[in-house]
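# give the three-dimensional model of this entry:
(one chain, ligands or ions: 2)
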Amino acid sequence: MLELVKYVFKNENIEYIGILPIESCKIINQSLYERTCLWAKSVILFLVPYYTEDRCERNISLYAVPRDYHSYMASLTDRVVEKLQYMQPDRRFRGMADHSPIAETSAAAMAGLGIIGDNYRLINEKYGSYVFIGGIFTDMVTSEKPKEISLCCHCGACTSACPSPDNCLSALTQQKGELDEKTASLMKEHNTAWGCDICQLVCPYNKDVKATPIDFFWQERIFELTPEILDSMSEDKLKSRAFGWRKRKTIERNIKLLTE
Ligand code: SF4
Ligand code: SF4
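Ligands and ions are numbered 1, 2, ... in the order given. Below you'll find the predicted structure:
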């Protein structure tokens, strides 16, 4: 089964693919699991790298520099599911883009796609932690066995560098409404209008990572979001960005904070 799946992914520039029997996965959303893939016997896991070798000045998280990765993940998954369905018409396949009922990081580690860092990220040998994890559920049966999960070297760099251990700064930048003083000053101090990459930037496993071979992540990149850039964006353009997720008001508030 793995060979068939690798063949289907071949033209998509996806190199890290694994399969797990469903019983090896930890279900984290029981109702979603029951509603969508109770019939599944296995899950296909794959990594989508997004790093583009740029560490220039920027005020948004690396993952949000290109257009919203959800749209890429959804179209990739649709294409792959269509091909699998064509080759195995009697089988079922269902892709899950960023809304999976299983714990994806540990599943990807058990599928042999990487180790798990103290920052809870999956760390791949080639692309570091700059990867998104995709999943496709199927009723095909796999003979693959889960691998033992390996952990990072616990160097402590991410913990020491983290500016907001109790309340992740990345989540704080995405909250709606008025920002409290502490959050506002953290965002200013770290010059972020969206997200936080600090625990990834300091991780030694991310030192010499390779850039993504996927075109989508090199196109229409915005590193430094300014009021002028935001004003020039139509609602549709804003919707195509990860930082548009919480609507214009939220990102507008954040940029204003950095520029005042
Ligand atoms: S993303 Fe930033 S705030 Fe969140 S855990 Fe990592 S370093 Fe800490
Ligand atoms: S910075 Fe160190 S402790 Fe943190 S995830 Fe990377 S290797 Fe592990």
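# list the buried residues of stretch 22-31.
Going by neighbour count (16 or more other Cβ atoms under 10 Å), the buried part of stretch 22-31 is 22, 24-25, 27. Placement of C-beta: from N, CA and C, glycine included.
# can you give me the strands in this structure?
Here the chain has its strands, by DSSP state E, at 17-21, 42-49, 93-96, 115-116, 122-123, 131-138.
# show me what the fifth one packs onto, helices and strands only.
What it means is strand 122-123. Under the contact definition 3 or more Cβ pairs under 8 Å, 6 or more residues apart in numbering; DSSP states H and E, strand 122-123 sits against helix 104-110, strand 115-116.
# quick one: is the shortest one near ligand 2?
No - contact between strand 115-116 and ligand 2, assessed by Cβ under 6 Å from any ligand atom, is absent, since the two come no nearer than 8.4 Å.
# report the distance from the longest helix seen in the chain to the chain centre.
Secondary structure of the chain per DSSP state H: the longest helix is helix 69-87. Chain-centre distance of helix 69-87: 16 Å, with Cα atoms, centre = their mean, to the nearest Å.
# now the angle from it to strand 131-138?
30 degrees (axes from the mean of the first three to the mean of the last three Cα atoms, to 10 degrees).
# restrict helix 69-87 to CA atoms and write it as CSV.
Extracted C-alpha coordinates of helix 69-87, given in CSV (Å, rounded to 0.1, in the frame of the first residue of the first chain):
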residue,chain,number,x,y,z
TYR,A,69,-1.4,27.0,3.5
HIS,A,70,-4.9,25.6,4.1
SER,A,71,-5.8,26.2,0.5
TYR,A,72,-2.7,24.4,-0.7
MET,A,73,-3.3,21.5,1.7
ALA,A,74,-6.9,21.2,0.6
SER,A,75,-6.1,21.2,-3.1
LEU,A,76,-3.2,18.8,-2.7
THR,A,77,-5.3,16.4,-0.7
ASP,A,78,-8.2,16.6,-3.2
ARG,A,79,-5.8,15.8,-6.1
VAL,A,80,-4.2,12.8,-4.2
VAL,A,81,-7.6,11.5,-3.0
GLU,A,82,-8.9,11.7,-6.6
LYS,A,83,-6.0,9.7,-7.9
LEU,A,84,-6.2,7.1,-5.2
GLN,A,85,-9.9,6.7,-5.7
TYR,A,86,-9.3,6.2,-9.4
MET,A,87,-6.7,3.5,-8.8
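# which positions within that helix qualify as buried?
69, 72-73, 76-77, 80-81, 83-84.
# near ligand 1, which residues of this protein?
Residues of the chain lying near ligand 1 (Cβ under 6 Å from any ligand atom): 119, 162-164, 168-170, 196, 198-199.
# quick one: which of those is nearest to residue 88?
Lowest distance from residue 88 to the residues of the chain next to ligand 1 (Cβ to Cβ) belongs to residue 119, with 37.5 Å.
# residue 128 contacts residue 202, correct?
No - between residue 128 and residue 202 there is no contact under Cβ atoms under 8 Å: 11.8 Å.
# out of those two, which sits in the more crowded spot?
Each of residue 128 and residue 202 has its neighbours counted (other Cβ atoms under 10 Å); residue 128 has more, 23 against 18.
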